[in-house]
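Asker: For reference, the sequence and a predicted model appear below.
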Protein chains: 2
Amino acid sequence: MRHTASQASADVGHQTETHPQDREPRQDWDEDLVPSRSGRTRRPEPDCPVEAALAAISGRWTTLLLRELMGGPRGFTELRALLPELSAKVLSERLRSLRERGLVTVERQRGFPVRTRYALTEAGLALRPLLIELYATGEALLRLTATEAPPGPPPVRRPPAD
Amino acid sequence: MRHTASQASADVGHQTETHPQDREPRQDWDEDLVPSRSGRTRRPEPDCPVEAALAAISGRWTTLLLRELMGGPRGFTELRALLPELSAKVLSERLRSLRERGLVTVERQRGFPVRTRYALTEAGLALRPLLIELYATGEALLRLTATEAPPGPPPVRRPPAD
DNA sequence: CGGAATCCTATCGGATACTG
DNA sequence: CAGTATCCGATAGGATTCCG
């Protein structure tokens, strides 16, 4: 990373000077944030990498399901046991969606009883760093936005004036 | 990271032996994936860090909006110009949601015409690594799942037998 | 300029029941 | 065991209109 927190609004709360003419002429795309052309879009296009990643983890339960699959192949009922409040319908939908996206494969052992194993593909495993980053970012958010407290100074207790 | 791709199902396609009793007794939680207790949940709870991060970027247009705000404070109409297909209603909703989550602040210059500037807070800036990871992961996905081609061997062109 | 209010439709996801 | 089928309430989000 190159220019990490350049125009960071760390001093939010009241403006410092607010010169109305300090706007720079929009030099270029942020190479950190948007390294390739496919990300320089003005709307949610499916070929934008960010949208592709979002689509992969979209839907309730999906990240939890992926977390379980990261531990190795799992059967249908096994997944139901690991996520007891996830209904069979939604689990089925999620697994099919992940299959259609090439993130999960399934192999069925015929015989009795029918045994199925869902496993992540290489593409599915590629989601691991994203899950880790989601976790890390989420922890940072929970810390930074705990009780709305602004970072640094001790949290002035605002009176319940509602 | 410690045991990166241990039980990775890279050889999917046909089972190797499939002993029905090879299930390990579920040793522990993956410390890479779920480092703290708040992530060891069996359902989408809002205090799970992953859910917190997902909530922050949830909703159509949100990541694009965050991308624009990463470039510095922006006004309402300015954002509309940057994302022309985003309706005023949804933009307003997104900005309010981000404000309520403590990710964005707004300052209004009263006078004429009314000027408003939306800026990321420190918590909002904390989303930057996540956006970058979303981009990187998305690029990996688009590469790995391009035309469903399995990685490694050259893509045998399947005849159009439909 | 910077929004809020309304309306309307499509999709999501939970509950339940049924099948191979 | 491993799903699918059906119903149904709740949002999401786009279009349009109105307001300070």
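Answerer: Everything's here; your move.

Asker: Assign a three-state SS to the closest residue in space to residue A:97 that isn't next to it in sequence, would you?
Answerer: Among residues not flanking residue A:97 along the chain, residue A:59 sits closest, at 7.0 Å (CB to CB, 6 or more residues apart in numbering or on different chains). (Each C-beta comes from the backbone N, C-alpha and C, glycine too.) On the three-state scheme (DSSP: H, G, I helix; E, B strand; the rest coil), residue A:59 is labelled coil.

Asker: which ones are touching the most centrally placed residue in chain A?
Answerer: Nearest to the mean C-alpha position of chain A, by CA atoms, centre = their mean, lies residue A:134 at 5.1 Å. Residues in contact with residue A:134 (CB atoms under 8 Å, 6 or more residues apart in numbering or on different chains) are A:57, A:63, B:49, B:50, B:53, B:54, B:130.

Asker: Kindly identify which of those also come near DNA strand C.
Answerer: Among those, no residue is within reach of DNA strand C (CB under 7 Å from any atom of the strand).

Asker: Mean confidence (pLDDT) on stretch A:103-112, please.
Answerer: Mean pLDDT, stretch A:103-112: 89.

Asker: Straight-line length of it, end to end?
Answerer: Using CA to CA, to the nearest Å, the end-to-end distance of stretch A:103-112 comes to 27 Å.

Asker: That one and DNA strand D, are they touching?
Answerer: Yes. Shown here: stretch A:103-112 in contact with DNA strand D (CB under 7 Å from any atom of the strand) through residue A:106.

Asker: Would you mark the buried spots in that stretch?
Answerer: Within stretch A:103-112, the residues that count as buried by 16 or more other CB atoms under 10 Å in any protein chain shown are A:103, A:104, A:105, A:106, A:107.

Asker: gap between the one helix or strand the fourth one maps to and the chain center?
Answerer: Residue A:106 is part of strand A:104-109, with elements assigned from DSSP states H and E. Distance of strand A:104-109 from the chain centroid (CA atoms, centre = their mean, to the nearest Å) equals 26 Å.

Asker: Indicate each strand paired with it and its parallel or antiparallel sense.
Answerer: strand A:115-120 (antiparallel) (DSSP bridges).

Asker: For chain A, which helix extends over the most residues?
Answerer: As assigned by DSSP state H, the longest helix anywhere in chain A is helix A:128-144.

Asker: Just the angle for that one relative to strand A:115-120, thanks.
Answerer: In terms of direction (axes from the mean of the first three to the mean of the last three CA atoms, to 10 degrees), helix A:128-144 departs from strand A:115-120 by 70 degrees.
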